[in-house]
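In: Have a look; sequence and predicted model below, questions after that.
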Amino acid sequence: MLFLLISFLPFILIISKSIPLKSLPLWASEMRLLSLLFWREFLCLGAHWLKEFRLVGSQRFDPLIRMACKKKAAARVENVEESGEMSVLDLPELVLDAILGKLSPTGLSSMGGVCKSLRERCRSDHVWERHMKKKWGRVIGRAARREWQAYLALRNESLSNAKAKGFLGSLSCVWPLCWVKSRLDFGGKPLMSSLPDDSIMSWYLSIEKGKFWFPAQVYNREHGHVGFMLSCYDAQVRYDCNTDTFEARYPPHGRRTIPPEGGVQWDRLRAPPVDTSAHELHVTDCLNDLRPGDHIEIQWRRNKEFPYGWWYGVVGHLESCSQNDQQCRCHNNDTIMLEFNQYTPDSRWRRTVIDRKNHREEGNETDGFYGGIRKLYSKDEIAMWKQLWPTEVLE
Ligand SMILES: *[C@@H]1O[C@H](CO)[C@@H](O)[C@H](O)[C@H]1NC(C)=O
Ligand SMILES: *[C@@H]1O[C@H](CO)[C@@H](O)[C@H](O)[C@H]1NC(C)=O
Ligand SMILES: *[C@@H]1O[C@H](CO)[C@@H](O)[C@H](O)[C@H]1NC(C)=O
């Protein structure tokens, strides 16, 4: 990148001198924000920053943006006809894109405030996709994407209905927008002006500002309550940028509503790995694959009115097995032993058996109901569960 910028440097300086100002379109003169002097600083700082980029990341660019903003004000006052001035928009596309590509979300927002043309560039999906993935990729899954799409579609519908009826003012009482509003809490601002558009930037900011509640799963819910150790439950969550944590709302347990949980740390959250909802039996497709030592998650619920959670366990050996690797035939047996070694050996939660040929939801009101199984193939997923391992064995 440094090489790229340096190799373009003579080129940049040449265009800035050789294109007569009048030959540029009108919008371009509006964009002439930066004097040649500033450009020297810009490139010098840019080079310095690029050298350090590997060490410190994209925050480095922020001083440049502040300068760009100051220069913007100065440029309005200065005589723009003065030759030798040039703007950031005179940069070759590739260089400009590379620079914008390195800016932080805050950097992009400030840079977007400099002028109209930069605003468009700084809002493009292309530059925000990377930030979206980097910051929210771990917690935003297909379900969250679907909710955002559904929200956008509803918003579209409400807006076009409203335009047709021509009463924008009382819109917030119309049903779909009430729903939209409950999904996105705009903190009392006028609704119409704060409705987001369908750009990725808008989505990013709706999550960042905690306006968008999205489906995710929470490990060890309710602050690691002992009754939920080594489980992962569905919830609607929203981000709180003041504490850099999340707030989680769990679906009700039968008639009992669960108070929301605040301060959920990043490492207790994941995007739902499968599309199965909390009230649906997951279709198990790995039964023939399961053998002793495999790591699994199994759906479990207290009773049929409660939502399922995913519980971590391993496949164990059958009682008749010598547990000798050469002689073990457990993988050929129609019965599969599941072990939950976080519990004491005599705990009723320690083991359960399932039927390899005909596995359905099994259980009763005392011990709860075991549902579908996911075999864990990913080392990261297994490591995550190990990291959550309780310090004491559970009863
Ligand atoms: C909303 O409407 C715009 C055009 O008005 C369209 O481009 C966009 O795809 C629509 N979005 C959804 C999610 O329907
Ligand atoms: C399957 O396991 C059960 C219980 O351990 C045992 O009684 C049975 O003989 C095993 N069946 C086969 C085919 O190995
Ligand atoms: C409930 O099911 C478990 C096995 O899943 C069994 O051991 C227990 O006896 C059952 N309890 C009742 C009350 O049926």
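Out: Done, it's in. Ligands and ions are numbered 1, 2, ... in the order given.

In: which one is residue 281 nearest to, not counting chain neighbours?
Out: Spatial nearest neighbour of residue 281, chain neighbours left out: residue 371 (5.0 Å); criterion: CB to CB, 6 or more residues apart in numbering. (C-beta placed from N, C-alpha, C; glycine too.)

In: Which of the three states applies to that neighbour?
Out: Secondary structure, DSSP: H, G, I helix; E, B strand; the rest coil: residue 371 is strand.

In: And for it, the neighbour number?
Out: By other CB atoms under 10 Å, the residues close to residue 371 number 24.

In: and if you look at the one 3 residues further on?
Out: Other residues near residue 374 number 19, with proximity taken as other CB under 10 Å.

In: Tell me the secondary structure at it.
Out: Secondary structure assignment for residue 374 (three-state DSSP): strand.

In: you'd agree it is up against residue 290?
Out: No: using CB atoms under 8 Å, residue 374 is not in contact with residue 290, being 10.8 Å away.

In: joint contacts of those two?
Out: Common contact partners of residue 374 and residue 290 (CB atoms under 8 Å, 6 or more residues apart in numbering): residue 296.

In: Helices of the stretch 251-395 of the chain, residue ranges please.
Out: 379-387 (DSSP state H, counting those that start in this stretch).

In: What parts of it come near ligand 2?
Out: Selection of the stretch 251-395 of the chain residues close to ligand 2 by CB under 6 Å from any ligand atom yields 318-320, 329, 333, 335.

In: Among these, give me the pair with the biggest separation.
Out: By the measure CB to CB, those have their two most distant members at 319 and 329, which lie 12.9 Å apart.

In: Pick out the residue closest to the middle of the chain.
Out: By CA atoms, centre = their mean, the chain has its centre lying nearest to residue 136, at 2.0 Å.

In: Am I right that that residue is in contact with residue 207?
Out: Yes: between residue 136 and residue 207 there is a contact under CB under 8 Å: 5.8 Å.

In: longest strand in the chain, by residue count?
Out: Across the chain, the longest stretch assigned as strand under DSSP state E is strand 231-240.

In: any idea which helix or strand comes after that strand?
Out: Next helix or strand after strand 231-240 toward the C-terminus (DSSP states H and E): strand 245-249.

In: Compute the mean per-residue pLDDT across that next one, please.
Out: Across strand 245-249, the average pLDDT comes to 97.

In: which other helices and strands contact that strand?
Out: On a contact count with 3 or more CB pairs under 8 Å, 6 or more residues apart in numbering; DSSP states H and E, strand 245-249 meets strand 214-219, strand 231-240, strand 261-264.

In: quick one, which of those is nearest to residue 111?
Out: Nearest of those to residue 111, taken as CB to CB: strand 231-240 at 23.2 Å.

In: Please work out the angle formed by the directions of that closest one and helix 379-387.
Out: Calculated by axes from the mean of the first three to the mean of the last three CA atoms, to 10 degrees, strand 231-240 forms an angle of 100 degrees with helix 379-387.
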